[in-house]
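>>> What shape does this take:
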Amino acid sequence: NNIMHHPPATDAFSRTTHLTAEQEDDDTSDAKHYGYNVLGTELSCCCSNVRDSGIGTGFYRNGFCSTGENDVGRHTVCVQVTDEFLSYSKSVGNDLSTPMPDYLFPGLKEGDIWCLCAQRWAQAYNAGKAPKLFLQSTHEKTLDFIPLDVMKVFAIDAEESTTVINKLNLQRSQLNEMLKKEVSDNDEAFQ
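Numbers count the residues shown, from 1 in each chain. Predicted structure coming up:
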């Protein structure tokens, strides 16, 4: 059961909202908003200080799995790494255990929380080695590579995320009821 890495543009699940250049997730600014997560709510911090190294995770090393034009690898999946995953990753040419100070990369150890490239998570999933993840800290761009239903199975924050989803569904239902009432009231006014 391999997951699709690049859904076609006409996929029924693709986003219809398009961001302008000013709205795109460019976290080099002083803005406090880092984008949206896979649930559609504000993106939560993944890890702002890996093992007290002073180094935050994410492409911008700000603790968030936010992304932008320069993040070609899409470092958007907030994971908690395991030794099994780190060994697998190294075996396929992506050594995440060795520190690389030039890139502000502390090297990862079991239990560390880090923003992983979406395609690397999908690759590990397809090999049966995917690490657990945090839905509320995983950027919405991840949905271009991994279906939400697959991520839910690996969610460390599954219970809290279900509460968020239920609240959003209730709000959606209430909004739909309000809109139906408004349409009904308008129909009566024109009769």
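>>> which ones are touching residue 149?
Applying CB atoms under 8 Å, 6 or more residues apart in numbering, we find residue 149 in contact with no residue. Any C-beta I mention is one placed from the backbone N, CA and C, and that applies to glycine too.
>>> which element is it on?
helix 148-153 (DSSP states H and E).
>>> Check which residues of that helix are buried.
For helix 148-153, burial by neighbour count (16 or more other CB atoms under 10 Å) applies to 148, 151-152.
>>> mind giving me a markdown table with those and columns for pLDDT?
Converted to a markdown table, the buried residues of helix 148-153 look like this (pLDDT from 0 to 100):
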| residue | pLDDT |
| --- | --- |
| 148 | 96 |
| 151 | 97 |
| 152 | 96 |
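>>> which residues of this protein fall in helices?
83-91, 118-126, 148-153, 158-189 (DSSP state H).
>>> And those helices, which one averages the lowest pLDDT?
Mean pLDDT is lowest for helix 158-189 among these, at a mean of 87.
>>> lowest-pLDDT helix or strand in the protein?
Of all the helices and strands that make up the chain, helix 158-189 has the lowest average by mean pLDDT, DSSP states H and E, namely a mean of 87.
>>> in it, what's buried?
Taking 16+ other CB under 10 Å as the criterion, helix 158-189 shows 161, 164-165 as buried.
>>> Mind putting the residues you listed into TSV with distance to residue 46?
TSV is the format used below for the buried residues of helix 158-189 (distance: CB to CB, whole Å):
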residue	distance to residue 46
161	14
164	16
165	20
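>>> which one among those gets closest to residue 65?
residue 161 (14.9 Å; CB to CB).
>>> residue contacts, that closest one?
Counting by CB under 8 Å, 6+ apart, residue 161 makes contact with 39, 135-136, 152, 155.
>>> ok, 6 Å please
Applying CB atoms under 6 Å, 6 or more residues apart in numbering to residue 161 gives the contacts 39, 135, 155.
>>> which one among the residues you listed gets closest to residue 126?
residue 155 (18.4 Å).
>>> Distance of residue 125 relative to residue 147?
Distance of residue 125 to residue 147, given as CB to CB, to the nearest Å: 10 Å.
>>> more neighbours, these two?
residue 125 (20 against 14; other CB atoms under 10 Å).
>>> for the protein, which spans come out with low pLDDT?
1-32, 191 (pLDDT under 70).
>>> one more time with 50, if that's ok
For the chain, residues meeting the criterion pLDDT under 50 lie at 4-31.
>>> which of the contacts of residue 161 tops the neighbour count?
Highest neighbour count within the contacts of residue 161: residue 135, with 26 neighbours (other CB under 10 Å).
>>> and that residue, what does it touch?
Residue 135 neighbours (CB under 6 Å, 6+ apart): 38-39, 155, 157, 161.
>>> ok, now how distant is residue 132 from residue 42?
22 Å.
>>> higher neighbour count, the two?
When residue 132 and residue 42 are compared for neighbours, residue 132 comes out ahead with 17 against 12, by other CB under 10 Å.
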